[in-house]
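**Student:** Show me the folded form of this:
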Amino acid sequence: MTDTALDTLRINFNAETLWVLNFALAFVMFGIALEISVADFKRLLKNPKPILVGVFSQFLVLPAITFILVLVMKPIPSMALGMFMVAACPGGNISNFITHLAKGNTALSVSLTAIATLLAIVMTPLNLQLWGAWYEPTATILNEVAISPLEMIKLVSLLLGVPLILGMWLNHLQPNLARRLAKGLKIISLLFFVSLIFIALYNNRDIFLEYVTYVFWLVVIHNLVAFSTGFSLAKFFGLSQPDRRSITIETGIQNSGLGLLLIFTFFDGLGGMALLAAFWGIWHLVSGLLLATYWGYKPIIKEELI
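**Tutor:** Here you go, the predicted model:
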């Protein structure tokens, strides 16, 4: 199969499975929101610097660095657009758990998840449109598909905003029940969602196997750049070690499930985009857990106050 063929190929994912994918993502977000409270947003006012650095890293710096990476690596256009899509998404649904394992600032991670989820309603469609339009090969795809950022904002609002509000509302009314539900829902929804990604790859295994080496290195390098971006920014702004670990993980663990769903909804399962987002969804679990294991065994050094 030629590179051009991959740019026009549509991954097999029927309408019924797409509805299940929609429900699974909303279910994942509801489970996350059960552990989010209004206090997480109030924390922004008390100590805004770490949260602002985290948001800056996720929604401004990572997409810009991704653009530079695309210019250097010159991937297949549909995969380049997949890279822009992943970089435009908010933090992934397991970032809080991985931050906890890594001995990072879990409260900061939860706050960033809450704020990034709200910002993603607008920032994910806009970032994809902005950076995708600036790179000529992906701009051609965007022009052919002619997606409406407003339509994408509406869908992201339903998938992220509504479950977030419902989960926070239940947490406010019944905090003990919300905590108990959150533990089970997080594991069940994550396994369910990962299973759907594996099904998508299995149903298109011939295509995936043909490009597995190519997509593997693209995702590994992009993911490493994402982690490095978060860590470097947090260190540059003089944040504490736990905060640095949180922001590194929040920047490197992207909600590729949201990206995958948007690809199937608005890009009709465009081959390169779907393969890259699906493989990212698997790889960031591996890389995130490896990083968390390393940091988990590495003690936090008490920093002197200057």
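
**Student:** rest of the way, CA atoms for contacts and neighbours
**Tutor:** Fine.

**Student:** so residue 249 touches residue 230, yeah?
**Tutor:** Yes - counting by CA atoms under 8 Å, residue 230 is a contact partner of residue 249 at 7.4 Å.

**Student:** between the two, who's got more neighbours?
**Tutor:** Just comparing residue 249 and residue 230: by other CA atoms under 10 Å the higher neighbour count belongs to residue 249, 32 against 28.

**Student:** so after the longest helix anywhere in the chain, what's the next helix or strand?
**Tutor:** Taking DSSP state H as the criterion, the chain has its longest helix at helix 205-236. Next along the chain after helix 205-236, taking DSSP states H and E as the criterion, comes helix 241-252.

**Student:** helices or strands next to that following helix in the packing?
**Tutor:** Contacts defined by 3 or more CA pairs under 8 Å, 6 or more residues apart in numbering; DSSP states H and E place helix 241-252 against helix 48-56, helix 95-101, helix 106-134, helix 205-236, helix 271-296.

**Student:** which one of those has the lowest average pLDDT?
**Tutor:** Here the lowest mean pLDDT among the helices and strands packed on helix 241-252 goes to helix 95-101, at a mean of 85.

**Student:** Can you tell me what sits against that helix?
**Tutor:** The contact list for helix 95-101 (CA atoms under 8 Å, 6 or more residues apart in numbering) reads 105-106, 109-110, 113, 245-246, 249-250, 253, 288-289, 292-293, 296.

**Student:** mind running it again at 6 Å?
**Tutor:** Residues outside helix 95-101 that contact it (CA atoms under 6 Å, 6 or more residues apart in numbering): 106, 109, 246, 250, 292, 296.

**Student:** Stretch 144-161 too?
**Tutor:** With CA under 6 Å, 6+ apart, stretch 144-161 has contacts from 26, 121-122, 125.

**Student:** Show me how far whichever strand or helix holds residue 151 is from its chain's centre.
**Tutor:** With secondary structure defined by DSSP H and E, residue 151 is part of helix 149-156. Helix 149-156 sits 17 Å away from the centroid of its parent chain (CA atoms, centre = their mean, to the nearest Å).

**Student:** repeat for stretch 131-139
**Tutor:** 21 Å.

**Student:** Any idea how far apart the tips of that stretch sit?
**Tutor:** 9 Å (CA to CA, to the nearest Å).

**Student:** Buried residues, it. List them.
**Tutor:** Within stretch 131-139, the residues scored as buried using 16 or more other CA atoms under 10 Å are 131-133, 135, 137-139.

**Student:** Stretch 157-171 too?
**Tutor:** 157, 159-161, 163-171.

**Student:** pLDDT added to those residues, as JSON lines?
**Tutor:** Output for those, formatted as JSON lines (pLDDT from 0 to 100):
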{"residue": "157", "pLDDT": "81"}
{"residue": "159", "pLDDT": "77"}
{"residue": "160", "pLDDT": "78"}
{"residue": "161", "pLDDT": "81"}
{"residue": "163", "pLDDT": "83"}
{"residue": "164", "pLDDT": "81"}
{"residue": "165", "pLDDT": "85"}
{"residue": "166", "pLDDT": "87"}
{"residue": "167", "pLDDT": "85"}
{"residue": "168", "pLDDT": "84"}
{"residue": "169", "pLDDT": "89"}
{"residue": "170", "pLDDT": "87"}
{"residue": "171", "pLDDT": "85"}
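
**Student:** Done for today, thanks.
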